[in-house]
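Q: Dropping the sequence and predicted coords here.
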Amino acid sequence: LYNKLNLEYLKVEFIDTHFWSKKPMIWYKILLNVFVKRYDSIIISASSVSTYRFLKIIRFFRPSILNKITYRVVGGYFPKGIKEKKFDWRVYINLKNIVVQGKLLKNKLLGHSNLSNVKVLPNFKSFTNFKAQLLNKDNIFRFVYVGRISKSKGLGEMLEAITILKAKDFNFHVTFYGPVEDTFKLDSSNASYGGILDIQTNSNEVYAKLSTYNVMLFPTYWKGEGFPGVLIDAFIAGLPVIATDWNMNKEIIEEGINGFLIKPKSTEALVQKMSWVMENKSNLSVISENNQRRANDYHIDNVMPNLLNLLG
C-alpha cells in the first residue's frame, strides 16, 4: 500500500506503530506529523482499540483534521465493539471514510450506529500470477494450514480430525505453518510443522510451495476475523479452502465454487468435508482454476483505484 501511494502522491509519510510501547520516539513522530504538519489525506490502519484512543485525542486537540482521515479497519472486531458500546460511534462520525473489508461488516456497523461514511474495500495483496502445479507423485492427499497456531483458529478440531481420519486409513498429510501461540503436539505421522512462511519477502517461492498442496484448512472461530489475507494466498496458489462459516468467510467463499464452508467448532463437520475432498479429488481442479481467477479481484492494482477515489 505504501509503495503504491508513493507512485500516486508527491509526498507520503509512513509511521509504523508496531511495538510502539517499546519505541517512545514513535509518539514524537506521530505528534509531529499529525498535529504540526499539514496533509491532504491521513490513513489510519491500526487496531480498533488503538485507533479509537488516537481518534479521541485528535477529536479533543485538533478536530479540524478529522475530515481528512480515512480509517481502514483491520479485521472484523470493530462492528462488535460498536455494538457492545466499547467504542462510541460518534467519535468516527466526522471522518472522511471508514473502510471495512466486506458488506457483512458494513451492515453490522450500520445496524448499531448512524454513520454515513462507511465504505467497502476488500483486503488486497501484491503478487505475480503463476500456473499452479500440484506435485503429488506419492499419491498422498496433502492439506495445509497457514496462520497463527492457536485454539481460536481451530487447532483442536484439526488435531482431532487428523486422529479420526488416520483411524479410517485415509492416505493424507497435514502441514502446519505459522507462529505457535498455543502448545500442541503432533504425535502422528500424518501431520508435521513446517515453520513460518515468509510471504512478504519470498512471495513467489511461498506460493509455489503452497500450490503443491491439495486443499487449505481454515477452521477459524477467532472473534477478530475480518477478511483473512491467507484466503487470498490460497486463491493465488489455486487452493480450494475448507473454512468455517464464520464472520466474513461466507462472503468470500462460495460453496463448491472456490471452497467449502463448515460449521464452526465442529470436528465432525471438518472430518466429513476432509473425507469428501479426498474421495472426490477429481472435482478440485475446477475449483483450483476458479480460485486463481478470483485472486485477481484482490490484486492491489485492481483495488487501488477504488481506494484512490475514496481519498479524493
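A: Received the coordinates, thanks.
Q: Okay, buried residues for the worst-scoring helix or strand of the chain on mean pLDDT please.
A: Across the helices and strands of the chain, mean pLDDT, DSSP states H and E gives its lowest value to helix 25-31, namely a mean of 85. Residues Ile26 are the ones in helix 25-31 that count as buried (16 or more other CB atoms under 10 Å). Where C-beta positions appear, they are placed from N, C-alpha and C, glycine not excepted.
Q: now stretch 218-237
A: By 16+ other CB under 10 Å, the buried positions in stretch 218-237 come out as 218-222, 225-228, 230-237.
Q: Same question for stretch 6-14.
A: Buried, per 16+ other CB under 10 Å, within stretch 6-14: Val12.
Q: I'd like to check what contacts stretch 28-46. Which residues are they?
A: Here stretch 28-46 makes contact (CB atoms under 8 Å, 6 or more residues apart in numbering) with 1, 13, 15, 17, 51, 54-55, 58, 61-62, 65, 68-72, 74, 96, 311-312.
Q: Out of those residues, which sit inside strands?
A: Within the contacts of stretch 28-46, residues falling in strands by DSSP state E are 69-72.
Q: List the residues that contact the residue nearest in space to the middle of the chain.
A: The residue lying closest to the centre of the chain (CA atoms, centre = their mean) is Pro228, at 1.7 Å. Residues near Pro228 by CB under 8 Å, 6+ apart: 123, 147, 218, 220, 249.
Q: Please apply the same query to Phe87.
A: Contacts for Phe87 (CB under 8 Å, 6+ apart) come out as 48, 52, 78, 81.
Q: how much space is there between the residue lying closest to the second one once chain neighbours are set aside and Leu109?
A: This means Tyr52. Leaving aside its sequence neighbours, Tyr52 sits nearest to Phe87 (CB to CB, 6 or more residues apart in numbering; 5.0 Å). Between Phe87 and Leu109 the computed distance is 10 Å (CB to CB, to the nearest Å).
Q: Overlap in contacts, those two.
A: Residues touching both Phe87 and Leu109 (CB under 8 Å, 6+ apart) are Phe78.
Q: Now do the helices in this protein.
A: For the chain, helices defined by DSSP state H occupy the ranges 2-8, 25-31, 48-61, 78-83, 103-110, 155-167, 203-210, 229-236, 249-252, 267-279, 284-295, 300-311.
Q: Tabulate these (CSV), appending distance to Gly259.
A: Shown next, in CSV, are those (distance: least, CB to CB, whole Å):
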stretch, distance to Gly259
helix 2-8, 28
helix 25-31, 39
helix 48-61, 27
helix 78-83, 24
helix 103-110, 17
helix 155-167, 16
helix 203-210, 14
helix 229-236, 8
helix 249-252, 8
helix 267-279, 10
helix 284-295, 7
helix 300-311, 21
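Q: tell me the most buried of those?
A: Mean neighbour counts were taken over the helices of the chain using mean count of other CB atoms under 10 Å, and the top value, a mean of 24, falls to helix 229-236.
Q: Show me what that one is packed up against.
A: For helix 229-236, the packing partners by 3 or more CB pairs under 8 Å, 6 or more residues apart in numbering; DSSP states H and E come out as helix 203-210, strand 215-218, strand 241-244, helix 284-295.
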